[in-house]
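Peer 1: requesting a structural model of the entry that follows:
(one chain, ligands or ions: 2)
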Amino acid sequence: MGKTFAEKVLAEAAGVPVTTAGEVVNVYPKLIMSHVASWRCIRTIEKMGVDKLYDVDRIAMVMDHISPAQSAKIAADHKLCREFAKEKKVEKFYDVNAGIAHVVLMEDGHVRPGMVIIGTDSHSTIYGALGAAGTGVGFSEVTATWVTGYLWMKVPESIKVNIEGPLAPGTSAKDLMLKLLGDLTADGATYYSVEFHGSYVNGLSISERMTLCNLAMELGAKFAYVRPDEVVRDYLRERGVYPEDYNEIHPDPDAEYVKTIEVDGSKLVPQVAAPHTVDNVKPIDEVKGIKVDQVFIGSCANAKYEDLAIAANVLKGKKVAPGVRLIVTPASKNIMNRIVEDGIFQTLLESGALFTNPGCGGCAGDGASMADGEVTLSTANRNFQGRMGSYHSEIYLASPEVAAATAIRGEITDPRELTVGEEVAG
Ligand SMILES: CC(C)[C@H](C(=O)O)[C@@H](O)C(=O)O
Ligand code: SF4
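Peer 2: Ligands and ions are numbered 1, 2, ... in the order given. So this is what the prediction gives:
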């Protein structure tokens with residue numbers, strides 16, 4: 001019987017010839033990411049009286065949640081991390097101006113096919129977009145790995161998702177993942193490695209692969225994976241990383257999956273996750289017309305360059321509805337630079353958007369907060385009660401296209417209707 005991606009990647013990371021789902025292996029992760037929670041790791045090793053880190057080159061620290069600091073406590077956490085990184089010579093240290101860790105580390109070529117990557121953030125599954133095995137762990141696991149170099153892991157079983165494309169007009173990877181969440185529930189893939197296959201993912205943009213793999217976390221996935229191809233190789237080449245710098249891992253054609261899910265992309269319609277769980281998903285027809293106070297285009301799920309370009313395309317020459325706050329938080333400084341250079345920034349600004357600095361921003365409850373009774377339509381990946389301010393507010397999740405259309409009308413809007421209507425009215 002052949003081997004899945006998870007079985008192969010963990011065998012390599014553990015330095016053993018083969019592994020089988022269910023086995024426990026001692027893994028040497030190639031990249032250890034921590035965000036602002038790094039301060040906890042630092043305090044822990046201080047308490048343990050440990051001074052020496054196993055391999056500083058594998059450590060990446062990114063100050064993305066709640067940045068710049070909005071309180072003395074957070075400022076002190078950032079300061080501690082900054083000083084620690086300097087003292088220990090952590091070269092992959094990104095300060096408050098860089099953006100969201102996941103996006104920044106991919107943009108800078110630190111994420112490569114075949115790597116096992118752990119991070120103090122659940123959405124580390126996103127690294128599967130480049131064929132890496134990323135997974136979120138606690139800060140204590142990261143601390144232990146800083147010091148010992150290794151972390152044990154149970155080899156997960158795998159689920160195969162076969163997506164036949166192209167997707168129906170007006171839909172994207174976000175709609176696809178929301179639909180899967182609705183069908184499988186938020187625990188539908190708990191501790192499974194989710195492999196995306198099928199004609200839709202062949203040649204798919206990195207941006208859309210990131211959305212697939214990011215949202216796989218909301219299904220409970222341990223890893224997510226899209227097979228690396230020329231799109232991945234080109235993305236890395238642009239970053240000075242060449243095929244000889246990494247080892248692509250592909251599952252065997254006869255690998256064993258606990259389940260195979262078939263998705264027909266041509267039948268997809270825009271999807272929305274209604275409050276307060278990610279799997280409370282409805283086709284847009286069931287929620288359209290619901291009034292919103294705010295639209296948030298941000299997060300590691302959907303604030304990439306392509307996402308902002310899609311939103312700008314919908315909003316070009318149009319205005320945000322009176323009384324609605326459209327808050328745009330680009331995922332990284334690089335993305336901010338690109339949109340400033342090519343006019344997307346200006347287009348969104350003219351439509352009435354308010355920009356905040358790159359980072360997690362409102363997605364991590366920092367800014368973009370709501371008062372009692374308010375409603376936000378967000379491009380993020382979580383709509384838990386109270387995540388964006390008041391416990392008595394509501395978050396709907398959708399794609400950037402739905403978000404932009406919703407900002408124009410001030411109510412949840414099917415972008416396919418808006419385009420047709422506007423053109424006719426034209
Ligand atoms: C703060 C962090 C631990 C958390 C996560 O792990 O995902 C956050 O990024 C989130 O999206 O809720
Ligand atoms: S952008 Fe949101 S989902 Fe992504 S890491 Fe930050 S807080 Fe978590």
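
Peer 1: contact partners for the residue of the stretch 1-150 of the chain found nearest ligand 1?
Peer 2: Distances between the stretch 1-150 of the chain and ligand 1 by Cβ to the nearest ligand atom are smallest at S122, namely 3.6 Å. The way it works is simple: take the backbone N, C-alpha and C, and place the C-beta from them, glycine included. By Cβ atoms under 8 Å, 6 or more residues apart in numbering, the residues touching S122 are G136, M217.

Peer 1: how about a cut-off of 10 Å?
Peer 2: T135, G136, V137, N214, M217, E218, G220, A221, N381, R382 (Cβ atoms under 10 Å, 6 or more residues apart in numbering).

Peer 1: what residues does the lengthiest helix in the chain touch?
Peer 2: Secondary structure of the chain read by DSSP state H shows that its longest helix is helix 72-88. By Cβ under 10 Å, 6+ apart, the residues outside helix 72-88 that reach it are 34-43, 45-46, 51-53, 56, 59-63, 65-69, 71, 90-96, 146, 366.

Peer 1: ok, that helix near ligand 1 or not?
Peer 2: No. If you take Cβ under 6 Å from any ligand atom as the test, helix 72-88 misses ligand 1, and the best it gets is 12.5 Å.

Peer 1: just checking, what packs against the helix or strand following that helix?
Peer 2: Sequence order places strand 92-94 as the next helix or strand after helix 72-88, per DSSP states H and E. If you count contacts as 3 or more Cβ pairs under 10 Å, 6 or more residues apart in numbering; DSSP states H and E, strand 92-94 packs onto strand 31-34, strand 59-62, helix 72-88, helix 101-107.

Peer 1: surely I261 is within a strand?
Peer 2: Yes. Membership of I261 in a strand is supported by DSSP: H, G, I helix; E, B strand; the rest coil.

Peer 1: follow-up on the earlier one: need the contacts of S122 in a markdown table with pLDDT, distance to G361 and neighbour count, can you?
Peer 2: Formatted as a markdown table, the contacts of S122 follow (pLDDT from 0 to 100; distance: Cβ to Cβ, whole Å; neighbours: other Cβ atoms under 10 Å):
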| residue | pLDDT | distance to G361 | neighbour count |
| --- | --- | --- | --- |
| T135 | 98 | 24 | 27 |
| G136 | 98 | 20 | 18 |
| V137 | 98 | 24 | 21 |
| N214 | 98 | 16 | 30 |
| M217 | 98 | 19 | 29 |
| E218 | 98 | 19 | 27 |
| G220 | 98 | 25 | 18 |
| A221 | 98 | 25 | 26 |
| N381 | 98 | 14 | 25 |
| R382 | 98 | 14 | 22 |
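
Peer 1: which one of those residues is nearest to ligand 2?
Peer 2: The nearest one, if we look at the contacts of S122 relative to ligand 2 and count by Cβ to the nearest ligand atom, is N381, at 5.2 Å.

Peer 1: of the contacts of helix 72-88, which ones also sit close to ligand 2?
Peer 2: When contact is defined as Cβ under 6 Å from any ligand atom, those meet ligand 2 at H65.

Peer 1: just the buried ones from the contacts of helix 72-88, in PyMOL syntax?
Peer 2: Applying 16 or more other Cβ atoms under 10 Å to these, the buried members can be selected in PyMOL as follows:
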select buried, resi 34+35+36+37+38+39+40+41+42+45+53+59+60+61+62+63+65+66+67+69+90+92+93+94+96+146+366
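
Peer 1: which stretches of this protein aren't confidently modelled?
Peer 2: Scanning the chain for pLDDT under 70 picks out the ranges 419-426.

Peer 1: up against ligand 2, what does it have?
Peer 2: With the criterion set to Cβ under 6 Å from any ligand atom, the chain comes near ligand 2 through H65, I100, D121, H123, S299, C300, C360, C363, A364, A380, N381.

Peer 1: quick one: contacts for N383?
Peer 2: Contacts of N383 (Cβ under 10 Å, 6+ apart): 272-278, 280, 376-377, 394-397.

Peer 1: A helix includes it, no?
Peer 2: No. Under the criterion used here (three-state DSSP), N383 is coil, not part of a helix.
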